[in-house]
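[1] please work out how this folds:
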Amino acid sequence: MANYQKGVVMRQKIITEARKVYNSNGLNLTLNQLATILNLSKGKITNYFPTKDDLFIAISKDYDQQFESLLSNFEVKDLQGFRLLGSICSAIMDLQYEYRSAIIYVSSVNSGQKEIHERVTESYKSNFEQVRLSILPLVDAGLVKNEILQPEKFEVFSFQYVNLFTTWVISFEIYHNTKPFAEMKPIYLNGILGCFFPYLTEKGLKEFQEVLK
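    Numbering: from 1, shown residues only. I've put the predicted structure just below:
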């Protein structure tokens, strides 16, 4: 039992430390190079994660757990305003920034990387449902027009919203990596929330403008 617990602790330590290393050093690091930086043998890493894909699948699952924990602090029924939605989005972005190496890695997979590709696909489907649930209270509060829920319009909105909520991480690494995250975050956040703009009611527009100040 003690050995099992030690194994659990070591596995989590590798996940956490590897995430930090890849965040700082980029995704080109091999497992050999990672092991050197972590002062571990490569075998210690591959004992838990035989391949780099396996390691990033584990980091992604760790992100999912943290994401669910974050969302559990909020009730969907409470999302009746853009200020709270903005706060939630801001907290999610902070979490995404901490896991940016994993987000970028899984965003670059191809269909041949079956397990990790399936995770990306399932996550994308789940995100669409979460978007719908977050919109309903805004519609009920009279902030967003009901037409946003029309299937053809919802598909377009969700595509924009979900993609911006992922690709801002990639944009930051490619275009703005010399700037502090704190400087770019408000710009990205406003861009994400801006997807609502075509569907705002008069009441919604007033609140929306207050939030974006």
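[2] quick one, what contacts Leu55?
    With contact taken as Cβ atoms under 8 Å, 6 or more residues apart in numbering, Leu55 is in contact with 14-15, 18, 31, 45, 49. Heads up, the C-betas are built off the backbone N, CA and C, glycines and all.
[3] for these, work out which two are farthest apart.
    Largest separation among these by Cβ to Cβ: Ile15 and Leu31, giving 13.5 Å.
[4] top of the contacts of Leu55 by number of neighbours, please.
    Neighbour count (other Cβ atoms under 10 Å) singles out Ala18 as the most crowded of the contacts of Leu55, with 26 neighbours.
[5] can you name the residues in contact with the host helix or strand of that residue?
    With secondary structure defined by DSSP states H and E, Ala18 is part of helix 2-25. Judged by Cβ under 8 Å, 6+ apart, the contacts made with helix 2-25 from elsewhere in the structure are 29, 34, 37-38, 40, 44-45, 48-49, 55, 58-59, 62, 98-102, 105.
[6] which positions in it come out as buried?
    14-15, 18-19, 21-23 (16 or more other Cβ atoms under 10 Å).
[7] hmm, Thr166 is touching Ile104, no?
    No. With contacts counted by Cβ atoms under 8 Å, Thr166 stays clear of Ile104, the gap being 9.6 Å.
[8] who touches the closest residue in space to Tyr199 that isn't next to it in sequence in this structure?
    For Tyr199, ignoring the flanking residues on the chain, the nearest one in space by Cβ to Cβ, 6 or more residues apart in numbering is Ile148 at 4.2 Å. Taking Cβ under 8 Å, 6+ apart as the definition of contact, the neighbours of Ile148 are 135, 139, 154, 157, 196, 199.
[9] max-length helix in the chain?
    helix 114-140 (DSSP state H).
[10] and that helix, what does it pack against?
    Judged by 3 or more Cβ pairs under 8 Å, 6 or more residues apart in numbering; DSSP states H and E, the packing partners of helix 114-140 are helix 52-71, helix 82-98, helix 100-107, helix 151-175.
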